[in-house]
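Asks: got a structure for you, letters missing:
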């Protein structure tokens with residue numbers, strides 16, 4: 001099991017504006033975790049982090065509690081705190097939930113998204129094209145918040161429960177696996193085309209089509225992530241790891 005030793009390489013200019021030291025440390029650590037600079041399973045300790053960042057235990061504990069809330073770190077008996085590492089079954093369960101909830105969000109977005117919000121979605125896609133994010137898959141999948149296509153769709157559902165679940169509770173955990181295991185091969189280019197089709201359906205007010213397209217989109221993402229994760233596990237163990245029977249192709 002690895003242990004935290006180096007500072008996240010994220011430039012300070014990429015961090016959101018923060019008001020407290022604990023908030024700043026939280027953002028530094030969550031980005032390091034999501035981007036794989038602190039890999040799943042990495043053990044992190046309060047003394048090590050406190051010494052590294054030169055901060056007192058109080059703000060650090062507050063940041064770590066927030067990381068636990070967002071399911072990015074977990075407490076393991078006899079081990080302590082470590083970066084979360086989902087099993088294959090847990091990963092597939094996460095994407096099952098994501099598929100169900102995000103397709104619902106797309107359906108509601110087709111009913112409730114304003115013209116201004118839809119224009120904002122178009123601008124997000126245009127931004128990624130202008131920044132060459134599609135050819136640079138890492139950048140495309142690392143965008144967050146208002147620059148994250150899925151985040152905007154959920155916000156556009158105007159359903160507070162969905163926003164809480166997908167933009168708060170599960171957001172960083174989903175982003176961790178999207179960022180580390182989706183940016184492979186031709187998937188970013190295909191995902192970008194799928195995004196445009198989803199926006200077209202939302203703009204047309206076609207709730208059923210928007211829901212169907214989002215369901216297919218997330219299902220394809222799940223298959224891609226599961227295959228990449230299985231390969232990573234196999235590389236770690238030095239052997240072949242087959243996908244769980246729960247991994248299924250799109251119906």
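Replies: Looks like it came in fine. Everything quoted here is computed from the prediction, not taken from an experiment.
Asks: What's the separation between residue 19 and residue 54?
Replies: Here residue 19 is placed at a distance of 19 Å from residue 54 (Cβ to Cβ, to the nearest Å). Every residue, glycine included, has its C-beta placed from N, CA and C.
Asks: Also residue 32?
Replies: In terms of Cβ to Cβ, residue 32 sits 17 Å off from residue 54.
Asks: Could you check which of those two is surrounded by more residues?
Replies: Between residue 32 and residue 54, counting by other Cβ atoms under 10 Å, residue 32 is the more crowded of the two (21 against 7).
Asks: my read: the more buried one touches residue 39, true?
Replies: No - Residue 32 lies out of contact with residue 39 (Cβ atoms under 8 Å); the separation is 9.8 Å.
Asks: For residue 233, see how far away residue 32 is.
Replies: In this view, residue 32 and residue 233 are 21 Å apart by Cβ to Cβ.
Asks: cool, and residue 108?
Replies: Taking Cβ to Cβ as the measure, residue 108 and residue 233 are separated by 36 Å.
Asks: And those two? Which one has more around it.
Replies: Using other Cβ under 10 Å, the more surrounded residue of residue 108 and residue 233 is residue 108, with 21 against 15.
Asks: show me the contacts for the more buried one.
Replies: The contact partners of residue 108, by Cβ atoms under 8 Å, 6 or more residues apart in numbering, come to 156, 157, 158, 159, 162, 207.
Asks: Can you check my assumption that it lies in a strand?
Replies: No - Residue 108: not assigned to a strand; according to DSSP: H, G, I helix; E, B strand; the rest coil it is helix.
Asks: wait, what's in contact with residue 34?
Replies: Applying Cβ under 8 Å, 6+ apart to residue 34 gives the contacts 72, 142, 172, 175, 176, 179, 180.
Asks: Please identify the helix or strand for the closest residue to residue 106 other than its chain neighbours.
Replies: Spatially, and ignoring its direct neighbours in sequence, residue 106 is nearest to residue 214 (3.7 Å; Cβ to Cβ, 6 or more residues apart in numbering). Following DSSP states H and E, one finds residue 214 within helix 207-237.
Asks: Counting by contacts, list what that helix packs against.
Replies: Contacting helix 207-237 under the criterion 3 or more Cβ pairs under 8 Å, 6 or more residues apart in numbering; DSSP states H and E are the following elements: helix 88-112, helix 171-181, helix 187-203.
Asks: Could you dump those helices into CSV and include distance to residue 25?
Replies: Listed next are the helices and strands packed on helix 207-237 as CSV, based on distance: least, Cβ to Cβ, whole Å:
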stretch, distance to residue 25
helix 88-112, 26
helix 171-181, 15
helix 187-203, 31
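Asks: Thanks a lot, see you next time.
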